[in-house]
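1. I would like the atomic coordinates for the input below:
(one chain, ligands or ions: 2)
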Amino acid sequence: MVPVSVGQAGNVSGLLLSLILSEQVQNRTDSVDFGPSQLWCHRFAGLRSYATPHSQFFAPSEGIMLPAGSYNNKVAFITGGGTGLGRAMTGVLSQLGAQCVIASRKLEVLQQTATEISSQTGNKVHAVQCDVRDPQAVSRCVDQMVELTGLPDVIINNAAGNFICPSERLSANGWKSITDIVLNGTAFVTLELGKRLIQNQKGASFLAITTIYAESGSGFVVPSASAKAGVEALYKSLAAEWGRYGHRFNIIQPGPIRTKGAFSRLDPTGTFEKSMIGRIPTGRLGKPAELANLAAYLSSDYASWMSGAVIRFDGGEYVSMAGEFNELRKVTDDQWKMLETMIRSTKGS
Ligand SMILES: CCCCCCCCC/C=C/C=C/C(=O)SCCNC(=O)CCNC(=O)[C@H](O)C(C)(C)COP(=O)(O)OP(=O)(O)OC[C@H]1O[C@@H](n2cnc3c(N)ncnc32)[C@H](O)[C@@H]1OP(=O)(O)O
Ligand SMILES: NC(=O)C1=CN([C@@H]2O[C@H](COP(=O)(O)OP(=O)(O)OC[C@H]3O[C@@H](n4cnc5c(N)ncnc54)[C@H](OP(=O)(O)O)[C@@H]3O)[C@@H](O)[C@H]2O)C=CC1
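-> Numbering: from 1, shown residues only. Ligands and ions are numbered 1, 2, ... in the order given. Presented below is the predicted three-dimensional model:
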């Protein structure tokens, strides 16, 4: 770990970006705390990753949490299982004994992931091409899964699309592209599998991966925020309706976890990561393995009494952004002395 000075624009060109960046550096210098000496940068695999010194209190445990064999004789279906967080969840479930089916658009990516994971775990991972925006394709995908493994015990709706974009620049097709993947895709997968499971009187655990801003909304990712909020309404509604069929529905709202898919579309220059770390109380990004452990627990029999739950998993970022006075953590001891003196010396209203 090496301390770095903030404010390096790297090879990013463009006046606007430099302005944004220099403003951030200015703000950070002005705000007393969280200056260059307190920002740390890990470098690995060509990627930068920032963290604060106090993140050492919150070192990630990336080993598998559940007992070996927890998923023996179980089948798990994971959308978007070829990359990023979906891949991490597939790896953990497979390691715990599950037979996994991963589905998304890019068959080659899925096949490579399936081969790599199954060679590490010794358990089968099947790759099935499926564009979740197309209900017929989803139905064919489920047919294929039934042939391969039978109906699943665990369904993880993880596939998503997203990009930052001012809403006034967003085309109708841009809106449709994101909401089709996230909301309609989740609905098509959930309805198709739910109906077949009900017909076969088979219980299952459904998990949706949303995001912290599904609750608050967020500018610049409006289609994603709207669709993720819809997914949460869908899952909470079905938790109430389909418990009688043996189905549980839970939701994880992750905060920032570095993946190529997310960061390339949400922070393409790497400019915003540094300021984001400053508002995460645990001082670091999450790790895919941490999310995968939580997903494995929620989808397992250890969580058979959990349904309708919405788990925020963000190192404290959401509450940190929400609290009116939370920026006061930047005030130094000397400044507090001065503030306290001023407040105490005020008499009357
Ligand atoms: C502050 C630091 C932030 C760091 C991260 C913090 C994370 C915290 C919370 C994170 C939440 C994360 C949520 C996620 O969902 S991340 C998942 C990201 N992964 C993906 O998006 C993978 C899949 N994505 C894709 O395949 C594409 O990106 C896609 C555009 C979503 C879909 O591809 P495709 O179907 O091929 O669509 P296109 O034909 O390319 O485009 C469709 C229309 O959308 C318009 N469009 C595409 N990109 C943009 C853009 N960048 N800006 C504006 N418009 C765009 C495109 O032009 C098409 O519209 P048309 O021109 O009108 O036809
Ligand atoms: N990483 C983060 O910081 C956060 C991520 N999330 C959520 O976590 C989940 C995983 O994201 P992450 O791993 O970061 O990003 P990725 O881009 O790696 O994952 C998205 C996956 O969705 C698949 N996908 C996209 N469109 C479709 C489609 N039409 N049909 C089927 N599959 C599709 C992609 O595969 P393919 O291209 O082959 O179709 C890809 O595997 C998402 O739901 C995201 O919203 C939430 C908060 C934070």
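
2. buried residues in stretch 138-151?
-> If you call a residue buried by 16 or more other Cβ atoms under 10 Å, then stretch 138-151 has these buried ones: 138, 141, 142, 144, 145, 149, 151. No exception for glycine: its C-beta is placed from N, CA and C like everyone else's.

3. ok, which pair from these is furthest apart?
-> Set against one another by Cβ to Cβ, the buried residues of stretch 138-151 have their most distant pair in 138 and 149, with a gap of 16.2 Å.

4. find the closest residue to ligand 2 in the stretch 1-150 of the chain.
-> residue 84 (2.2 Å; Cβ to the nearest ligand atom).

5. just the buried residues of stretch 138-151: which are in helices?
-> Of these, the ones assigned to helices by DSSP state H are 138, 141, 142, 144, 145.

6. which of the residues you listed sits closest to ligand 1?
-> Distance to ligand 1, by Cβ to the nearest ligand atom, is smallest for residue 138 among these, at 15.9 Å.

7. tell me which strands the longest strand seen in the chain pairs with, and in which orientation.
-> For the chain, the strand with the greatest residue count under DSSP state E is strand 247-254. Strand 247-254 has the following strand partners under DSSP bridges: strand 204-209 (parallel), strand 310-313 (parallel).

8. say whether ligand 2 is contacted by that strand.
-> Yes - remark: strand 247-254 sits within contact range of ligand 2 at residue 254, by Cβ under 6 Å from any ligand atom.

9. follow-up on the earlier one: could you look over the strands paired with strand 247-254 and pick the most buried one?
-> strand 204-209 (a mean of 26; mean count of other Cβ atoms under 10 Å).

10. now the element after that strand, going C-ward?
-> Going down the chain from strand 204-209, the next helix or strand is helix 213-216, by DSSP states H and E.

11. list the buried residues for that following helix?
-> For helix 213-216, a neighbour-count test (16+ other Cβ under 10 Å) marks 213, 214, 215 as buried.

12. was I right about the residue of the stretch 1-150 of the chain closest to ligand 2 contacting residue 263?
-> No - in this structure residue 84 lies outside contact range of residue 263 using Cβ atoms under 8 Å: 9.7 Å.

13. tell me the contacts of the closest residue to residue 106 other than its chain neighbours?
-> With Cβ to Cβ, 6 or more residues apart in numbering as the measure, residue 82 is the residue that lies nearest to residue 106, at 6.6 Å, once sequence neighbours are left out. Counting by Cβ atoms under 8 Å, 6 or more residues apart in numbering, residue 82 touches 102, 104, 106, 109, 110, 112, 113, 114, 127.

14. near ligand 2, list only the ones from those residues.
-> Judged by Cβ under 6 Å from any ligand atom, the overlap between those and the neighbourhood of ligand 2 comprises 104, 106, 109.

15. so which of those residues also contact ligand 1?
-> Near ligand 1, taking Cβ under 6 Å from any ligand atom as the test, no member of those is found.

16. which of the residues you listed are buried?
-> Buried by 16+ other Cβ under 10 Å: 104, 109, out of these.

17. out of the ones next to ligand 2 among the contacts of residue 82, which is nearest to residue 300?
-> Sorting the ones next to ligand 2 among the contacts of residue 82 by distance to residue 300 puts residue 104 at the head of the list, at 23.5 Å, by Cβ to Cβ.

18. which residues sit in contact with the nearest residue to residue 312 once chain neighbours are set aside?
-> Excluding its sequence neighbours, the residue lying closest to residue 312 (Cβ to Cβ, 6+ apart) is residue 253, at 4.8 Å. Counting by Cβ under 8 Å, 6+ apart, residue 253 makes contact with 210, 211, 212, 214, 215, 310, 311, 312, 313, 314, 318.

19. want to try CSV for those, with pLDDT as columns?
-> What follows is the contacts of residue 253, written out as CSV (pLDDT from 0 to 100):
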residue, pLDDT
210, 99
211, 98
212, 98
214, 98
215, 95
310, 98
311, 98
312, 98
313, 98
314, 98
318, 98
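
20. out of these, flag the one nearest to residue 92.
-> Nearest to residue 92 among those, counting by Cβ to Cβ, is residue 313 at 14.6 Å.

21. and that closest one, how far from residue 122?
-> From residue 313 over to residue 122 the distance is 29 Å, taken as Cβ to Cβ, to the nearest Å.

22. over to residue 144?
-> Computed with Cβ to Cβ, the distance linking residue 144 and residue 122 is 23 Å.

23. same check, this time on residue 302
-> Relative to residue 122, residue 302 is positioned 23 Å away (Cβ to Cβ).
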